[in-house]
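Asks: Below is the sequence, then the predicted model.
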Amino acid sequence: MIVAGMDGCRGRWLCVWGDPGVPGALRARLLDEPPGLLTLAPAPVTVGADIPIGLPETGPRTADRMARQRLGRPRGSSVFPAPLRPMLAAGDYAEACRIGRSRDGRALSRQTWQIVPLIAAMDAFVLAAPARQGWVREAHPELAFQAWNGGIAMAHGKKRPAGRAEREALVETTFPDALAGLRLQLVGQGYAADDLLDAMACFRTAARIAVGEAEWLPANPERDARRLAMEIVV
């Protein structure tokens, strides 16, 4: 069973894939675009991606609200509101905010604007063959780590040394020695330590999906105007 986890990384995608039962053989690569998933060998049957898939025309997504509520403070702040679909066509941040204010009175956060190109790229990839949403699923690292930790959210931010340590400990417990091998594969590729940990969290979510242990937020998701489910899988 081959699965993959991917996290946005400085305009690219850090992807980890392989058999969850053979952690020493996991592979890692930085992909320029989501279609790079189609080049992975062996091919994953399920992908957990830390990116919004399924975008509203107006108003917040139920999935985002549920995710923030589950994480509580302060980790809930890591769930950025998904942009409205029309914002993907905005030429700049100011235009994206104007679109938001005109539709539901809300501007777009700068954090979300920074990843709009990644969101648009994944949106185009999934819409090119809508059945892809059946194997490329939206995940969220902090929700994954919370579930991994027995339902208790991480105590520290992921960029702090203590936060990195607590996340690494979870990864090593389930996938012993995987991180060392993955870091060797990624030497010189310009990724941050938390990018790899986030990709591993999404990898675990993909593994849970593949064996039928995952949870959907919400259980019966809404669909956007392009019929994509607005959901986060844990």
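Replies: Good, I have the coordinates. Numbering: from 1, shown residues only.

Asks: So which bits of whichever strand or helix holds residue 184 are buried?
Replies: Using DSSP states H and E, residue 184 sits within helix 178-185. By neighbour count on 16 or more other C-beta atoms under 10 Å, the buried set for helix 178-185 is 178-179, 181-182. Quick note: C-beta positions are derived from backbone N, CA and C, even for glycine.

Asks: Spatially central residue in this protein, please.
Replies: residue 50 (0.7 Å; C-alpha atoms, centre = their mean).

Asks: I'd guessed that residue sits against residue 139; true?
Replies: Yes - Residue 50 is in contact with residue 139 according to C-beta atoms under 8 Å; the separation is 5.8 Å.

Asks: Can you point out the helix or strand that includes residue 200?
Replies: With DSSP H and E as the test, residue 200 turns up in helix 193-210.

Asks: What residues sit buried inside that helix?
Replies: 194-210.

Asks: after that helix comes which helix or strand?
Replies: Per DSSP H and E, the first helix or strand lying C-terminal to helix 193-210 is strand 216-223.

Asks: Show the average pLDDT along whichever helix or strand comes after that following strand.
Replies: Using DSSP H and E, the next helix or strand after strand 216-223 towards the C-terminus is strand 229-233. In this model, strand 229-233 carries a mean pLDDT of 98.

Asks: what about dumping the CA coordinates of strand 229-233 to CSV?
Replies: Presented in CSV, the C-alpha positions along strand 229-233 are these (Å, rounded to 0.1, in the frame of the first residue of the first chain):
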residue,chain,number,x,y,z
ALA,A,229,-16.2,18.4,-1.6
MET,A,230,-15.3,21.1,1.0
GLU,A,231,-13.8,18.8,3.7
ILE,A,232,-10.8,18.1,5.8
VAL,A,233,-9.7,14.5,6.5
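
Asks: Just want the angle from that strand to helix 193-210.
Replies: Interaxial angle, strand 229-233 versus helix 193-210 (axes from the mean of the first three to the mean of the last three C-alpha atoms, to 10 degrees): 110 degrees.

Asks: Just give me how far strand 229-233 sits from the chain centre.
Replies: Here the centre of strand 229-233 is set off from its chain's centre by 11 Å, with C-alpha atoms, centre = their mean, to the nearest Å.

Asks: packing partners for it?
Replies: Judged by 3 or more C-beta pairs under 8 Å, 6 or more residues apart in numbering; DSSP states H and E, strand 229-233 is in contact with helix 62-71, strand 136-138, helix 193-210, strand 216-223.

Asks: In this protein, what residue spans correspond to helices?
Replies: 62-71, 93-104, 110-114, 116-128, 141-148, 161-174, 178-185, 193-210 (DSSP state H).

Asks: quick one, which of those helices is nearest to residue 33?
Replies: Comparison of the helices of the chain against residue 33 by C-beta to C-beta identifies helix 116-128 as nearest, at 5.7 Å.

Asks: Residue 30: how many residues sit nearby?
Replies: Each residue near residue 30 was counted by other C-beta atoms under 10 Å, and the total is 18.

Asks: before we move on, back to that, make CSV from the helices of the chain and add mean pLDDT and distance to residue 87 to it.
Replies: What follows is those, written out as CSV (pLDDT from 0 to 100; distance: least, C-beta to C-beta, whole Å):
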stretch, mean pLDDT, distance to residue 87
helix 62-71, 97, 15
helix 93-104, 96, 4
helix 110-114, 94, 8
helix 116-128, 98, 7
helix 141-148, 98, 23
helix 161-174, 98, 30
helix 178-185, 97, 34
helix 193-210, 98, 23
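
Asks: Which among these is found nearest to residue 45?
Replies: helix 193-210 (6.1 Å).

Asks: on contacts alone, who are the packing partners of that closest one?
Replies: Packing partners of helix 193-210 (3+ C-beta pairs under 8 Å, 6+ apart): strand 3-9, strand 12-18, strand 46-50, strand 136-138, helix 141-148, helix 161-174, helix 178-185, strand 229-233.
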